[in-house]
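Engineer: Okay, sequence plus prediction incoming.
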Amino acid sequence: MGILSSKRLVFVILLAGLAGAGYYYKDLLSGAPAGEAGATKKGPAGAAAGGAGGRRGGPRGGTEIVTLATVEQKNMPVRVESIGLAEAYTFVQIKGRVDGQIVEVNFKEGQEVKKGAVLIRIDSRPYVAALHLAEAALARDRAVADRAAAQEIRQKELLDKKFVSTDNYSQFRANADSAAAAMKASEAQVENARVQVEYTTIRSPITGYVGKIFLQLGNIVRAADVNPIATINQVHPIYVLFAVPEQRLSDVRTNMRRGALTVEAIPSDSKGKASVGKLVFVDNAVDQTTGTIKLRAEFANLDNALWPGQFANVRVKLFDDPKAVVVPTIAIQTGPNGQFVFAAKEDNTVEVRIVKVDRADGDLSVIATGLTPGERVVTQGQLRLAAGSKITTAEAAAKAKSAEGKGAEVKGAEAKGAEAKGAEVKGAEGKAAAAADGAAPAGKTEEKRKSKAPGKD
């Protein structure tokens, strides 16, 4: 009999274990951790645990948290975009105009130099000597010319008094003219010698930045050299050369007649800051090989944001469109049927809306068809959506969660108040019962004492 009871006890324990294991695996398959299902059935704590388990498996009811943006109608510029190349406003090749050795270099490579600044000095001693020689020849010829002029005047007076013949006077007149011509030739030689001396000092003809120096200190400069000593680029102002399709030529020319067109240039290495200039040149012919027309814009470039040879993104503003329908560019998706957006409906669901994008401008896109101002589109969270999906915003979800928390707090406070009132009532009842119990034995004792006392009768 004892053996049979032991076997029955083991069998009952095995059945209980199997039942518990089955319940555990049932919870796992339903997506909730062990014990949460039971907790869910046992009040607020269990409900909170069950809710957390549901969030790990994804939003309940298929509601997705997204970010929405409103479709707006605003003034948007119409622009033509291209890739441009910055080029110097002017550039100068520094070359020697006389032969000689470089004895002084007054600049460094890459340095900004001002107009008229001394850059290079060439050995001027041979040219100074030539200048002195020319000045000496000029002094000699000037003395000869003065004497010849004086003799011519004297002979003229004698001729007037008939003391000399006309032929004799003519000879002195020719000598005076010849001496004067020789003096002018000497003056020209002096001037040429001075120019040669000036050529030994090379000055900057413009304000700009010097490039690489090809002939260093001590090298021989020759006037016949093909290669320059250095180059100077003027970058204040600066040009940006670019090309646009010939189909936009009429738009450019039409709007140029209304006034100067604003051009923005953003270098490829810039942090988004655009240099603003104006369109100053339209080429006189379309390039037939590329089907484009060359344009040139001028920029003040006071901050040196543009540099010769640098590529830049160029935007030419043609006019303003005051009724453009715009959405954030990140709202636009691409699918098999083209570009589309997820438009939010009044019932907090979304629909797929096919749109036609006219152009993009920065972070905004101008919509030609498909949307109207005031509608809302999804800008974040599109990957989890499909047509008809329920949506909510992060702000709405946070408000709902806050409201649930406040409701739970109110219920908890009410439960605590009820429990406190119940405890007070029970305490009062207990005290009354205890007082009643205490009064009853006292009455009985008095009755017993009176019954035992001897009567007076």
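Structural biologist: It's in.
Engineer: Can I get stretch 328-345 in CSV, CA atoms only?
Structural biologist: Extracted in CSV, the C-alpha atoms of stretch 328-345 (Å, rounded to 0.1, in the frame of the first residue of the first chain):
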residue,chain,number,x,y,z
PRO,A,328,11.1,68.4,-48.1
THR,A,329,13.2,66.4,-50.6
ILE,A,330,13.6,63.5,-48.1
ALA,A,331,9.8,62.9,-48.4
ILE,A,332,10.1,61.8,-52.0
GLN,A,333,10.6,58.1,-52.7
THR,A,334,11.2,56.3,-55.9
GLY,A,335,9.3,53.2,-56.9
PRO,A,336,8.5,51.1,-60.0
ASN,A,337,5.9,53.6,-61.1
GLY,A,338,8.2,56.6,-60.6
GLN,A,339,8.4,59.1,-57.7
PHE,A,340,5.9,59.0,-54.9
VAL,A,341,5.2,60.2,-51.3
PHE,A,342,3.3,58.8,-48.4
ALA,A,343,0.4,61.3,-47.8
ALA,A,344,-1.2,61.3,-44.4
LYS,A,345,-5.1,61.0,-44.3
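Engineer: and it, how far from the chain's centre?
Structural biologist: Counting by C-alpha atoms, centre = their mean, to the nearest Å, stretch 328-345 is centred 25 Å from the centre of its parent chain.
Engineer: and if you look at stretch 184-203?
Structural biologist: Using C-alpha atoms, centre = their mean, the offset of stretch 184-203 from its chain centre is 55 Å.
Engineer: Pull it out as CSV, backbone CA atoms only.
Structural biologist: C-alpha atoms of stretch 184-203 as CSV (Å, rounded to 0.1, in the frame of the first residue of the first chain):
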residue,chain,number,x,y,z
LYS,A,184,68.4,115.4,-80.0
ALA,A,185,69.8,112.0,-80.9
SER,A,186,71.9,112.1,-77.8
GLU,A,187,68.9,113.0,-75.7
ALA,A,188,67.1,110.0,-77.2
GLN,A,189,70.0,107.8,-76.3
VAL,A,190,70.0,109.1,-72.7
GLU,A,191,66.3,108.4,-72.5
ASN,A,192,66.7,104.9,-73.8
ALA,A,193,69.6,104.3,-71.3
ARG,A,194,67.4,105.4,-68.5
VAL,A,195,64.6,103.0,-69.6
GLN,A,196,67.1,100.2,-69.7
VAL,A,197,68.1,101.0,-66.1
GLU,A,198,64.4,101.0,-65.1
TYR,A,199,63.9,97.6,-66.7
THR,A,200,66.4,96.2,-64.2
THR,A,201,63.8,96.7,-61.5
ILE,A,202,60.7,94.5,-62.1
ARG,A,203,57.5,95.8,-60.5
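Engineer: which residues sit against that stretch?
Structural biologist: The contact list for stretch 184-203 (C-beta atoms under 8 Å, 6 or more residues apart in numbering) reads 94, 96-98, 100, 116-124, 127-128, 130-131, 133-135, 137-138, 140-142, 229. Yep, even glycine has a C-beta here, placed from its N, CA and C like the rest.
Engineer: Check those for burial and list the buried ones.
Structural biologist: Among the contacts of stretch 184-203, the ones that count as buried by 16 or more other C-beta atoms under 10 Å are 94, 96, 98, 100, 119-124, 127, 130-131, 134-135, 137-138, 141-142, 229.
Engineer: The stretch 151-300 of the chain: helices as residue ranges?
Structural biologist: Using DSSP state H, counting those that start in this stretch, the helices assigned to the stretch 151-300 of the chain run over residues 166-199, 249-256.
Engineer: what are the ranges of the strands in the stretch 301-450 of the chain?
Structural biologist: 311-328, 333-335, 338-344, 350-354, 356-361, 364-369, 376-380, 390-393 (DSSP state E, counting those that start in this stretch).
Engineer: Now do the longest one: which elements does it pack against?
Structural biologist: The elements that strand 311-328 packs onto, with contact taken as 3 or more C-beta pairs under 8 Å, 6 or more residues apart in numbering; DSSP states H and E, are strand 72-94, strand 230-245, helix 249-256, strand 262-267, strand 292-299, strand 364-369, strand 376-380.
Engineer: So which of the ones you listed is nearest residue 171?
Structural biologist: Minimum separation from residue 171 across these (C-beta to C-beta) falls at strand 72-94, 54.2 Å.
Engineer: Present the strands of the stretch 301-450 of the chain as CSV; the columns should include mean neighbour count and distance to residue 176.
Structural biologist: Converted to CSV, these look like this (neighbours: other C-beta atoms under 10 Å; distance: least, C-beta to C-beta, whole Å):
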stretch, mean neighbour count, distance to residue 176
strand 311-328, 18, 70
strand 333-335, 11, 97
strand 338-344, 20, 96
strand 350-354, 16, 102
strand 356-361, 15, 83
strand 364-369, 18, 88
strand 376-380, 20, 99
strand 390-393, 18, 107
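Engineer: Next, format those strands as JSON lines and append mean pLDDT and distance to residue 75.
Structural biologist: Converted to JSON lines, the strands of the stretch 301-450 of the chain look like this (pLDDT from 0 to 100; distance: least, C-beta to C-beta, whole Å):
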{"stretch": "strand 311-328", "mean pLDDT": "93", "distance to residue 75": "5"}
{"stretch": "strand 333-335", "mean pLDDT": "92", "distance to residue 75": "26"}
{"stretch": "strand 338-344", "mean pLDDT": "94", "distance to residue 75": "22"}
{"stretch": "strand 350-354", "mean pLDDT": "94", "distance to residue 75": "24"}
{"stretch": "strand 356-361", "mean pLDDT": "90", "distance to residue 75": "11"}
{"stretch": "strand 364-369", "mean pLDDT": "93", "distance to residue 75": "11"}
{"stretch": "strand 376-380", "mean pLDDT": "94", "distance to residue 75": "20"}
{"stretch": "strand 390-393", "mean pLDDT": "89", "distance to residue 75": "28"}
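Engineer: Go through those strands and name the closest to residue 149.
Structural biologist: Going by C-beta to C-beta, the one of the strands of the stretch 301-450 of the chain nearest residue 149 is strand 311-328, 69.4 Å.
Engineer: what number of residues lie near residue 192?
Structural biologist: Using other C-beta atoms under 10 Å, residue 192 has 13 other residues around it.
Engineer: Name all residues that make contact with residue 63.
Structural biologist: 390, 391, 392.
Engineer: any idea which of those residues is closest to residue 333?
Structural biologist: Closest to residue 333, out of all of the contacts of residue 63 and judged by C-beta to C-beta, is residue 391, at 15.1 Å.
Engineer: which of the helices of the stretch 151-300 of the chain sits most buried?
Structural biologist: Most buried of these, by mean neighbour count (mean count of other C-beta atoms under 10 Å): helix 166-199, with a mean of 16.
Engineer: Chain neighbours aside, what residue packs nearest to residue 329?
Structural biologist: residue 365 (4.6 Å; C-beta to C-beta, 6 or more residues apart in numbering).
Engineer: In contact with that neighbour, which residues?
Structural biologist: Residue 365 makes contact with 326, 327, 328, 329, 332, 357, 358, 359, according to C-beta under 8 Å, 6+ apart.
Engineer: same thing but 6 Å
Structural biologist: 327, 329, 332, 357 (C-beta atoms under 6 Å, 6 or more residues apart in numbering).
Engineer: Thank you kindly, that will do.
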